[in-house]
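Engineer: just a sequence and a predicted model for now, questions to come.
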Amino acid sequence: MFTFEGYFQSLADSLQICLLKAGGVRDQSNQLIFPIHTKGARDESFAKICDEDDPQVELDSGWNFQSADYFRHTTAELLGNCVLFADRIPSTVHIIDRLASVLLKDINVVCVAAQQSSGKGRSGNVWESPLGCAMFSFPLVIPLATRLGQALTFVQHLVATACVLAVRNTPGYQDVDLRIKWPNDILTSDKVKVGGILVTSSIMNQTAYCNVGVGFNISNTKPTICLNELIGKVSSTSNAFSIERFIGRTLSELEKLLREFAVSGETTFLPLYLKYWLHMNQQVNIRQVNENPEVKSQDFAGKIIGLDKFGFLLVRLESGELWSVQSDGNRFDMMANLLLLQRIS
C-alpha cells in the first residue's frame, strides 16, 4: 500500500538527507525541517496535516505555513499537490535539485521556505531572503518532443507571466503595478524589482528536468518594495495577499499556461506575455563584449520588437537586421538602456 510517509522515508534514506517522522521531515537530530502538507491526504497519518483545525507547527521564524490558505487558493490539479515547508534552509532550489530526479511522476512537490541563507539568483547572484518574501521552488518535467520541449527558454517567461497573473487575474487586483522585465524579473512600471525567477535544467532520455525557483516580495518592505504595498496604492479595500495565496495562485495560473502552450505554443502565449512586459519598442544600445580583453567591444543601436519562436529577445537593428538574443550569459541594464552580449571568439 502506498503512503506518503513510506515514500518520503525511502527518499530520505536513499538521498541521506533527512528522516520522516511525526508529520514532517526531520534531520538526524530529530529537528523538524519540513512539515508536509498534501491536498486530499492519501493516508491517515497525513490527514491531520491538512485539517484546518489542526494547530500549525511553531517554527523559529515565527511564520507558520497555512496549508488551508494555500489549498483554498489553488485550482491546480497537478502542480504543487504536495508542499514541503522549511523554516530556514540554504535554498529551496537546492532541495528540489536533490529530489526532482527521484520523485514519483504524480507527486508534484513545491518546496517553500520562510527564510533562505543562500538564495540563488541569475548569474550566480544571491537573492536576499527576508521574512515576508515568498520563496519557493518546484520541478517541471518536459519531454523534448513537445512544443515547450522545443523552446525551453519559454519556461521562465511562462513562470514570470504566471506570477503577474496570480495577482492581476484576481478580481479587484487588476490594476496592481506588476510588469515583466526580460528575461526573468518582475518589476513595477518605475523599474523597481519585486520578484525574480531562476530556471535551471538538465536533459536526460529526451526529457528536460527543470528546477524553477521563485522569489517574490509579498509583505517585506525591504530591500525594495513588496506586493502588499503596491496593492495599497490602488485599493484601500482589497485584502493583502498572503504568501500561501500567492504561491497557490501562481501555480494555478502556470498550470493553465502550460496546458495552453502544449496546444498552441507561443502563438497564444506571446500576446499575453507582451501585454505585461516593459520593453515593446524600447530603444536600446547593444554592446558585444568579447571575452578576449584585447578585442574591442562593438556597439549597435536597435529596437526591441518582441520574442522569437524560441523565446529569445528579438531586436531590430537600425540597419534592419534582426537579432535574436539568448538570456544565457547576456544582461539587460534597463537604467542605461544597454543590452550587453557576451561573445566568445
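Structural biologist: Nice, I can see it.

Engineer: quick one: low-confidence parts of the stretch 201-345 of the chain?
Structural biologist: 289-293, 295, 327-345 (pLDDT under 70).

Engineer: residue ranges of the helices in the chain, please?
Structural biologist: Ranges of helices in the chain, per DSSP state H, are 4-15, 44-50, 67-72, 92-99, 154-168, 227-234, 243-264, 266-276.

Engineer: who does the last one touch, helix- and strand-wise?
Structural biologist: Identification of packing neighbours for helix 266-276 by 3 or more Cβ pairs under 8 Å, 6 or more residues apart in numbering; DSSP states H and E yields helix 154-168, strand 179-181, helix 243-264, strand 298-307. In short, each C-beta sits where N, CA and C put it, glycine included.

Engineer: between that helix and strand 298-307, how big is the angle?
Structural biologist: Here helix 266-276 runs at an angle of 110 degrees relative to strand 298-307 (axes from the mean of the first three to the mean of the last three Cα atoms, to 10 degrees).

Engineer: also the fifth one?
Structural biologist: With the same axes, to 10 degrees as the criterion, the two stretches helix 154-168 and strand 298-307 enclose an angle of 60 degrees.

Engineer: what helices or strands is helix 154-168 leaning on?
Structural biologist: So helix 154-168, by 3+ Cβ pairs under 8 Å, 6+ apart, packs with strand 179-181, strand 185-187, strand 193-204, strand 207-217, helix 243-264, helix 266-276.

Engineer: and for the longest one?
Structural biologist: Counting contacts by 3+ Cβ pairs under 8 Å, 6+ apart, the secondary-structure elements packed against helix 243-264 are helix 67-72, strand 109-116, strand 133-143, helix 154-168, helix 266-276.

Engineer: if we go to 6 Å?
Structural biologist: Secondary-structure packing of helix 243-264 (3 or more Cβ pairs under 6 Å, 6 or more residues apart in numbering; DSSP states H and E): helix 67-72, strand 133-143, helix 154-168.

Engineer: kindly report the same for the shortest one.
Structural biologist: With contacts defined as 3+ Cβ pairs under 6 Å, 6+ apart, helix 67-72 has these neighbours: helix 243-264.

Engineer: can you mark which positions in the helix it packs on are buried?
Structural biologist: Residues 243-255, 257-258, 261 are the ones in helix 243-264 that count as buried (16 or more other Cβ atoms under 10 Å).

Engineer: quick one on the thing from earlier: looking at the helices and strands packed on helix 266-276, which is closest to C82?
Structural biologist: helix 243-264 (11.7 Å; Cβ to Cβ).

Engineer: which other residues reach the closest one?
Structural biologist: 66, 69-70, 73-76, 79-80, 134, 136, 148, 158, 162-163, 165-166, 218, 268-269 (Cβ atoms under 6 Å, 6 or more residues apart in numbering).

Engineer: could you give the angle of it to strand 133-143?
Structural biologist: 20 degrees.

Engineer: dump the helices and strands packed on helix 266-276 to CSV, plus distance to N211.
Structural biologist: Putting the helices and strands packed on helix 266-276 into CSV (distance: least, Cβ to Cβ, whole Å) gives the following:
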stretch, distance to N211
helix 154-168, 10
strand 179-181, 21
helix 243-264, 14
strand 298-307, 22
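
Engineer: spatially nearest residue to R179 (excluding sequence neighbours)?
Structural biologist: L278 (4.9 Å; Cβ to Cβ, 6 or more residues apart in numbering).
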